[in-house]
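[1] fold the following.
(4 chains)
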Protein chains: 2
Amino acid sequence: MSGAQHVPESETPDTRERILDIALDLFTTQGYETTSLREIAEQLGFSKAAIYYHFKSKDDILIALHMRLHALGGDTLRNMDPATMTLDGWAGLIYELIEQLRTNRILFTLHERNRAAFEKLHDEAHAGEHQDLETLFRTALNNDAVPVADRVRVSCAFGAVLMGSMITGDSFADVAPDEMTAMLRDVVRDILYPPTAP
Amino acid sequence: MSGAQHVPESETPDTRERILDIALDLFTTQGYETTSLREIAEQLGFSKAAIYYHFKSKDDILIALHMRLHALGGDTLRNMDPATMTLDGWAGLIYELIEQLRTNRILFTLHERNRAAFEKLHDEAHAGEHQDLETLFRTALNNDAVPVADRVRVSCAFGAVLMGSMITGDSFADVAPDEMTAMLRDVVRDILYPPTAP
DNA sequence: GTCTATATAGGGATAGAC
DNA sequence: GTCTATCCCTATATAGAC
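    Modelled structure (predicted):
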């Protein structure tokens, strides 16, 4: 913990990350298009043009934020085989989503609230180098080997989790995080493994 | 059926409604800010300025679309008393939502995908004349008389329904509407009335 | 790395003719 | 009701000094 040679003044400023943090906040609350670079620069304390030293375009900032989300789901999703997803497999994925949402809710909200902007990016990056997360989900959900009823339930479970901890926002701010997590897991179980049929 | 005096050429053009229909489509797929009036006018077949005869601003178009949603939920929501919402009351509301989504999915998607824009409208219309739907939901969800666990489940049920029939979009296009509705109702029941505890 | 100044484009909105 | 022409503003992005 001591041998660090190159220690900056107080704490790593890391301007690039600071830009991303501020952008994440503003893009989420106000929306991507409505937020101007001038506004971001204002909060940073320096000029608008300085941002262009760190990012080559406004879209580039959004892409960087998208990559943060990718980094989160990274391994989990790469190991998932859309063709052979069982109900249990889906359940595990959703439980992990609940965990991720605990510490990164804003990042998910950003994506939720700026779908159009992200889709546009995806369209422009038609160089197939980038497999979108949502596309992966959809194709997996279209797997005919799994009964339709199950697939609908999986889809509903995602919606329940996302709504329960994201859209509703701070309505449950007073609830302890652990308690909230437990309740969400219970709901997911009740959706995926209902008493009646499957 | 015959005595109509003032019959237009073929079928009521009703330019105002045509504008709204096209705007609804474009705002939903591309996003509100990204869609220009020029683009809307293009699809209408006439000039951008003509739109200003029917609407006094771009925001005014968005407001009109918001009113369409209001008209849908109208009576149901006005009769709801946020202070005395029981679990059964919520269930009824969600079942109705399922019905509304069958015929008006795009309208809900518009709101889902342009939250920021609608919130901005709501902020500007601080003249209290307009009680927002979502605000109504949130305050009702904050009712301390209802146990937290129940409130979370209600919130999840909304998410499940919205996701199951909206965000997922046309992944289940092949499923018959009636069947889809039945499945969604089942899921809602399993969420709100779980086997373990209430 | 961050600045000032500027190029360029596009958007919303209005005026006034038809 | 719809058009053309125009105003005005703000946004992204670049050039070049420090």
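
[2] now the lowest-mean-pLDDT helix or strand in chain A: buried residues?
    Ranked by mean pLDDT, DSSP states H and E, the weakest helix or strand in chain A is helix A:133-141, scoring a mean of 82. Buried positions in helix A:133-141, judged by neighbour count with 16 or more other C-beta atoms under 10 Å in any protein chain shown: A:133, A:137, A:138, A:140, A:141. (Glycine included, C-beta is placed from N, CA and C.)

[3] can you check stretch A:65-81 too?
    A:65, A:66, A:69, A:72, A:73, A:77, A:80.

[4] the last one: what secondary structure?
    Taking DSSP: H, G, I helix; E, B strand; the rest coil as the rule, one finds residue A:80 in the coil state.

[5] for it, grab phi and psi.
    Dihedral angles of residue A:80 (phi, psi; degrees, to the nearest 10) stand at phi -80, psi 130.

[6] is it true that it touches residue A:93?
    Yes - with contact defined as C-beta atoms under 8 Å, residue A:80 reaches residue A:93; the gap is 6.9 Å.

[7] now pLDDT, distance to DNA strand C and secondary structure too, for the buried residues of stretch A:65-81, in CSV please.
    Shown next, in CSV, are these (pLDDT from 0 to 100; distance: C-beta to the nearest atom of the strand, whole Å; DSSP: H, G, I helix; E, B strand; the rest coil):
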residue, pLDDT, distance to DNA strand C, secondary structure
A:65, 98, 18, helix
A:66, 96, 22, helix
A:69, 94, 25, helix
A:72, 90, 26, helix
A:73, 81, 30, helix
A:77, 78, 32, helix
A:80, 81, 37, coil
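
[8] return only those of those residues found close to DNA strand D.
    When contact is defined as C-beta under 7 Å from any atom of the strand, those do not meet DNA strand D at all.

[9] need the residues you listed in JSON lines with distance to residue B:112, can you?
    JSON lines is the format used below for those (distance: C-beta to C-beta, whole Å):
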{"residue": "A:65", "distance to residue B:112": "20"}
{"residue": "A:66", "distance to residue B:112": "19"}
{"residue": "A:69", "distance to residue B:112": "19"}
{"residue": "A:72", "distance to residue B:112": "23"}
{"residue": "A:73", "distance to residue B:112": "22"}
{"residue": "A:77", "distance to residue B:112": "24"}
{"residue": "A:80", "distance to residue B:112": "26"}
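
[10] so which of these is the closest to residue A:118?
    Distance to residue A:118 across the buried residues of stretch A:65-81 (C-beta to C-beta) is lowest for residue A:66, with 6.4 Å.

[11] was I right to think the closest one contacts residue A:118?
    Yes - under the criterion of C-beta under 8 Å, residue A:66 makes contact with residue A:118 at 6.4 Å.

[12] find residues that contact each of the two.
    residue A:111 (C-beta atoms under 8 Å, 6 or more residues apart in numbering or on different chains).

[13] so which elements touch the longest helix along chain A?
    When chain A is parsed with DSSP state H, its longest helix is helix A:87-113. Identification of packing neighbours for helix A:87-113 by 3 or more C-beta pairs under 8 Å, 6 or more residues apart in numbering or on different chains; DSSP states H and E yields helix A:15-30, helix A:58-78, helix A:148-162, helix A:177-192.

[14] ranking those helices by mean pLDDT, which is last?
    Of all the helices and strands packed on helix A:87-113, the segment with the smallest mean pLDDT is helix A:58-78, scoring a mean of 90.

[15] need the contact partners of it.
    So helix A:58-78 is contacted by A:19-20, A:23-24, A:27, A:32, A:37, A:51, A:55, A:93, A:96, A:100, A:104, A:107-108, A:110-111, A:114, A:117-118, A:121, A:124, A:133, A:136 (C-beta under 8 Å, 6+ apart).

[16] got the angle for it vs helix A:133-141?
    30 degrees (axes from the mean of the first three to the mean of the last three C-alpha atoms, to 10 degrees).

[17] OK, contacts around residue A:192?
    If you count contacts by C-beta under 8 Å, 6+ apart, residue A:192 has them with A:87, A:90, A:91, A:94, A:153, A:154, A:157.

[18] leaving out chain neighbours, which residue sits closest to residue A:191?
    Spatial nearest neighbour of residue A:191, excluding adjacent residues (C-beta to C-beta, 6 or more residues apart in numbering or on different chains): residue A:157 at 4.6 Å.

[19] ok, how many other residues are close to the one you found?
    When counting by other C-beta atoms under 10 Å in any protein chain shown, one arrives at 30 neighbours for residue A:157.

[20] from DNA strand D, how far off is it?
    Applying C-beta to the nearest atom of the strand, to the nearest Å, the value for residue A:157 to DNA strand D is 37 Å.

[21] check residue A:77 too.
    Taking C-beta to the nearest atom of the strand, one finds residue A:77 at 29 Å from DNA strand D.

[22] just residue A:143 next, same as before
    In terms of C-beta to the nearest atom of the strand, residue A:143 sits 38 Å off from DNA strand D.

[23] check contacts around that residue.
    Taking C-beta under 8 Å, 6+ apart as the contact definition, residue A:143 lies against A:82, A:83, A:85, A:151.

[24] just among the residues you listed, which is most surrounded?
    Within the contacts of residue A:143, most neighbours by other C-beta under 10 Å means residue A:151, with 24 neighbours.
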